[in-house]
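K.L.:
I'll drop the sequence and a predicted model, then ask my questions.
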Amino acid sequence: MSKLTSRLPLEEAVKISDRVRKDLLKDPDNLIVTVAGSIRRRKEDIGDIDIVAARRDFELNQGKIQKFDFEEVPVQVYQCCIWQYEAHLLFLTGCAEFNIMSRVEAKKRRLALSQYGLRDEHALLYRCETEILYVLGLTQFVDPESRTEEAVHLGR
């Protein structure tokens, strides 16, 4: 997989990601395919394309990352089971600082947050993006384009 020599404008990255998404949806085992990362956060420029694909043939906690270039743009497809799709989407939307701060907030509540969901020491408690953000103290849903380190602090 190559590395982009320059970042793509959002508009161009969206067009490319739409084509990748359509190709992935041709596989009948891909139930939901959603673009995540910088594109979902609507950043001005993009370094790569992150996609979450919920698959019919995957078990809980089974995941796979497919990496390839599409029109010279690096693409990572994170495959998971349908039950963990939203947790994967939350994790892959980022940004990195938002994810770190969210995990810190989870730890304060004696919970653990990962791409599989929010859990305590005994069981997985939440898999839904909105529920996870609410439990972490973000009383209002944080739109992907607003997910920054500050959003974790301001959401209370």
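P.N.:
Sure thing, it's come through. Numbering: from 1, shown residues only.
K.L.:
Who are the packing partners of the top helix by length along the chain?
P.N.:
The helix that spans the most residues within the chain, counting by DSSP state H, is helix 10-24. Other elements packing on helix 10-24 under the criterion 3 or more C-beta pairs under 8 Å, 6 or more residues apart in numbering; DSSP states H and E are strand 30-35, helix 37-40, strand 45-46, strand 49-55, strand 64-70, strand 73-81. Heads up, the C-betas are built off the backbone N, CA and C, glycines and all.
K.L.:
Turn those into TSV, columns for mean neighbour count.
P.N.:
Putting these into TSV (neighbours: other C-beta atoms under 10 Å) gives the following:
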stretch	mean neighbour count
strand 30-35	18
helix 37-40	22
strand 45-46	18
strand 49-55	23
strand 64-70	11
strand 73-81	20
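K.L.:
As TSV, the ones you listed with distance to residue 128 and mean pLDDT would be great.
P.N.:
TSV is the format used below for these (distance: least, C-beta to C-beta, whole Å; pLDDT from 0 to 100):
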stretch	distance to residue 128	mean pLDDT
strand 30-35	14	96
helix 37-40	16	95
strand 45-46	27	94
strand 49-55	13	96
strand 64-70	22	94
strand 73-81	14	95
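K.L.:
With that, I have no additional questions.
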